[in-house]
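Chemist: sequence and predicted structure, then a few things I'm wondering about:
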Amino acid sequence: MGNLLTSLNLAANSMDVIEQSIGVIQNNVTNASTPGYVRQTPTLLARSFDPQSGVTGGVQFGPVQSARNQFAEQAVRYQNALLGTATRMAASLNSLQQGFNVSGTGGIPGR
């Protein structure tokens, strides 16, 4: 009877792992057209198996892996910071530029 319950528990656990994996895949399909979404991959881990000590083995759901590239993400954040700095500088210089007239007939007077 113990072997039957052990087998049923292993089967139930495996079905839970499959359900979690399908959830990750469903999330990928649902968000495939979302801008900025990056595909995720479920990780399956093997449980140890030792029938002598009663360890039954099986599979367990591991951490979800993202296909996001950390180097590229950092580069985007850096470029956005540079863009913000350049935008602020352009706004400051634009207000200063209004005091100078290219034709030379106005603006700051010469000697």
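Modeler: Thanks, I have it.

Chemist: where along this protein do the strands fall?
Modeler: 40-41, 44-46, 49-50, 55-56, 59-61, 65-66 (DSSP state E).

Chemist: from Tyr37, how far out is Pro63?
Modeler: Applying C-beta to C-beta, to the nearest Å, the value for Pro63 to Tyr37 is 18 Å. For the C-beta atoms, the positions are set from N, CA and C on the backbone; glycine is no exception.

Chemist: out of the strands of the chain, which gets the lowest mean score?
Modeler: The weakest mean pLDDT among the strands of the chain belongs to strand 55-56, with a mean of 72.

Chemist: who does it pair up with?
Modeler: Its sheet considered, strand 55-56 pairs with strand 49-50 (antiparallel) by DSSP bridges.

Chemist: low-confidence stretches in the chain?
Modeler: Within the chain, the stretches with pLDDT under 70 are 1-2, 54, 101-111.

Chemist: appreciated, that's everything.
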